[in-house]
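**Student:** No sequence on hand, only this structure:
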């Protein structure tokens, strides 16, 4: 789980509250601007990591990413890592929807979760991971340029 350098809208707390009773091992990455407190007692299967030097190197450890809709889910897709996206800014909604069209991500909502519970066992990780590798090269900067071009071309058709 990561929501950037500061997690302006406290999405980390909202996600953790929904996942607190899960049996899965969870890594939570906090950026240097994160100042909020976890407001409830956490289970032992949740690992809290502060200020990692390279988030992309950490992604290889996981089967699923929960994040905002910036560049992070694009970088994850280039590694074959599917994502669940909560858009924290309005422009991230378009990113999340386009990644859903690629079959690499699921969009959970704008600054809140549409779904009452996160049913991680209902996600087809294998299919989403295959879609990641099919649609994205393992080259973050190149992926971002292609993604922006695709987004721009899709908007012109509207």
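**Tutor:** Great, that's in hand. Quick caveat, the model's predicted, so the values are computed rather than measured. Numbering: from 1, shown residues only.
**Student:** Strands along this structure, start to end?
**Tutor:** 26-30, 46-50, 65-67, 83-87, 105-110 (DSSP state E).
**Student:** For the closest residue to residue 22 other than its chain neighbours, which residues are in contact?
**Tutor:** Computed as Cβ to Cβ, 6 or more residues apart in numbering, the closest residue to residue 22 that is not its neighbour in sequence is residue 120, at 6.8 Å. C-beta: built from backbone N, CA, C; applies to glycine. Listed by Cβ atoms under 8 Å, 6 or more residues apart in numbering, the contact partners of residue 120 are 19, 22, 24, 64.
**Student:** Tell me the spacing between residue 120 and residue 70.
**Tutor:** 22 Å (Cβ to Cβ, to the nearest Å).
**Student:** tell me which residues of stretch 86-103 are tucked away?
**Tutor:** 86, 87, 88, 92, 93, 95, 96, 97, 98, 99, 102, 103 (16 or more other Cβ atoms under 10 Å).
**Student:** in the protein, which ranges drop under the pLDDT threshold?
**Tutor:** Counting by pLDDT under 70, the chain contains low-confidence ranges at 39-40, 114-117, 139-144, 147, 151-158.
**Student:** Helices of that one, residue ranges please.
**Tutor:** Using DSSP state H, the helices found in the chain span residues 11-19, 55-59, 72-78, 91-102, 125-135, 140-156.
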